[in-house]
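A.B. asks: below is the structure, and that's it, no one-letter string:
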């Protein structure tokens with residue numbers, strides 16, 4: 001049996017306290033293919049917790065039968081710092097309260113240039129050898145990252161567990177949403193089978209968002225090096241952010257369905273032995289991220305949506321309204337929410353009391369939107 005559970009203690013933020021990250025390891029360390037999963041980097045997004053808990057149980061059974069062929073690492077609770085933000089039962093969990101604050105899934109360390117400096121003169125026509133050289137250089141650079149604070153320790157720990165993986169799958173969710181994913185354009189074909197198994201119909205595709213998110217950071221070194229070494233530098237890692245529907249879409253039934261799909265994907269990628277799953281093929285549609293309309297609240301008030309998630313919409317169509325509770329004339333208090341893209345209404349705020357200017361709904365469109373700026377495609 002190869003299953004191992006490791007605990008990683010983060011630097012203590014205050015006297016008498018400490019937080020830990022637990023990582024579940026399957027297969028021989030250093031074996032490939034290696035796939036890394038994590039959930040809850042945004043600590044207010046919880047469906048992935050139960051999905052990975054269910055997947056771990058399935059992998060323990062597979063391990064007992066000797067079916068693990070590659071390496072799998074699962075971090076089911078990736079952000080104990082954010083989970084500690086408990087205010088009278090409410091856990092915001094998306095933004096750090098220390099270390100300068102900021103979104104937990106933004107501005108991760110970028111190692112591309114440093115790795116490039118290390119490997120100069122060592123790259124050859126042997127692509128497998130090149131991958132090994134780069135992974136060793138990444139390991140050295142990761143060791144140099146600071147870990148004086150909790151947040152630094154968290155980032156260093158998660159990157160050390162994931163950056164030598166062939167695939168990184170980061171589980172998130174939206175307020176209310178259909179199953180969807182954020183995928184780099186280069187990986188659309190590669191991850192189509194995964195999205196097929198998960199029955200996702202929407203995926204947002206981009207070259208680079210500018211957010212330096214966790215999943216982008218895991219491939220950023222390879223993207224950087226490919227601009228210099230082209231075909232001699234293959235993708236040593238592919239990644240995506242998987243959005244498991246909405247915050248309250250949590251049940252044993254959904255977790256079993258999603259974990260079973262992930263298990264089939266591990267079999268498909270020869271990380272676990274078993275009969276290859278049959279794919280439905282091409283159910284998912286990829287929409288450019290710069291064509292995604294972020295519908296904003298025109299006033300503060302109560303949001304009411306007329307369209308259901310998953311429905312098609314057209315530019316100019318009213319998908320809902322916000323009621324201005326402070327309007328002098330209540331008969332004129334409804335302000336329409338107007339789509340600016342032709343596509344699919346796939347996500348919206350769970351909270352119905354909204355602030356003026358907030359992005360409260362998302363529409364996956366097909367044509368570039370002039371107000372969407374490449375390199376700045378996430379607002380938070």
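C.D. replies: Here it is on my side, so go on. Quick caveat: nothing in here was measured; it's all calculated off a predicted structure.
A.B. asks: which parts of the chain are helices?
C.D. replies: 47-64, 80-83, 112-119, 127-144, 150-162, 188-197, 214-229, 252-268 (DSSP state H).
A.B. asks: how does the chain divide into domains?
C.D. replies: Segmentation of the chain into domains, based on automatic domain parsing, reads 4-288, 292-365.
A.B. asks: first vs last residue of the shortest one, how far apart are they?
C.D. replies: Across domain 292-365, the terminal residues are separated by 5 Å (CA to CA, to the nearest Å).
A.B. asks: circling back: possible to save the domains of the chain as CSV with distance to residue 377 and mean neighbour count?
C.D. replies: Quick note: C-beta positions are derived from backbone N, CA and C, even for glycine. CSV is the format used below for the domains of the chain (distance: least, CB to CB, whole Å; neighbours: other CB atoms under 10 Å):
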stretch, distance to residue 377, mean neighbour count
domain 4-288, 4, 18
domain 292-365, 8, 17
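A.B. asks: can I get those domains in a markdown table with distance to residue 374 and mean pLDDT?
C.D. replies: Formatted as a markdown table, the domains of the chain follow (distance: least, CB to CB, whole Å; pLDDT from 0 to 100):
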| stretch | distance to residue 374 | mean pLDDT |
| --- | --- | --- |
| domain 4-288 | 7 | 96 |
| domain 292-365 | 12 | 97 |
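A.B. asks: of the ones you listed, give the one that comes closest to residue 378.
C.D. replies: Ranking the domains of the chain by proximity to residue 378 (CB to CB) places domain 4-288 first, at 4.6 Å.
A.B. asks: mind checking how far the closest one is from the chain centre?
C.D. replies: Between the centre of domain 4-288 and the centre of its host chain there is 7 Å, according to CA atoms, centre = their mean, to the nearest Å.
A.B. asks: closest to the centroid, which residue in this protein?
C.D. replies: Centroid-nearest residue in the chain, with CA atoms, centre = their mean: residue 241, separated by 2.5 Å.
A.B. asks: ok, now which ones touch residue 276?
C.D. replies: By CB atoms under 8 Å, 6 or more residues apart in numbering, the contact set of residue 276 is 267, 268.
A.B. asks: measure it to residue 32 for me?
C.D. replies: 19 Å (CB to CB, to the nearest Å).
A.B. asks: swap in residue 179?
C.D. replies: The value you get for residue 179 to residue 32, if CB to CB is used, is 28 Å.
A.B. asks: in the stretch 201-350 of the chain, which spans are strands?
C.D. replies: Listed in chain order, the strands of the stretch 201-350 of the chain (DSSP state E, counting those that start in this stretch) span 202-206, 238-246, 285-288, 293-296, 301-305, 312-313, 318-323, 334-338, 343-348.
A.B. asks: can you put those strands in a markdown table and add distance to residue 359?
C.D. replies: Below are those laid out as a markdown table (distance: least, CB to CB, whole Å):
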| stretch | distance to residue 359 |
| --- | --- |
| strand 202-206 | 14 |
| strand 238-246 | 15 |
| strand 285-288 | 16 |
| strand 293-296 | 4 |
| strand 301-305 | 12 |
| strand 312-313 | 16 |
| strand 318-323 | 13 |
| strand 334-338 | 11 |
| strand 343-348 | 10 |
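A.B. asks: these: which one's closest to residue 110?
C.D. replies: That would be strand 238-246 among those, by CB to CB, at 14.4 Å.
A.B. asks: picking up where we left off before, between the strands of the stretch 201-350 of the chain, which one is nearest to residue 109?
C.D. replies: Residue 109 lies closest, by CB to CB, to one member of these: strand 238-246, at 15.3 Å.
A.B. asks: what lines up beside that closest one in the sheet?
C.D. replies: strand 167-174 (parallel), strand 180-184 (antiparallel) (DSSP bridges).
A.B. asks: export those strands to CSV and tack on distance to residue 362?
C.D. replies: As requested, those are arranged in CSV below (distance: least, CB to CB, whole Å):
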stretch, distance to residue 362
strand 167-174, 8
strand 180-184, 9
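A.B. asks: okay, and the beta partners of the residue nearest to residue 287 when sequence neighbours are not counted?
C.D. replies: Distance criterion CB to CB, 6 or more residues apart in numbering; nearest residue to residue 287, sequence neighbours excluded, is residue 364 at 3.9 Å. Bridge pairing for residue 364 (DSSP bridges) gives the partners residue 344.
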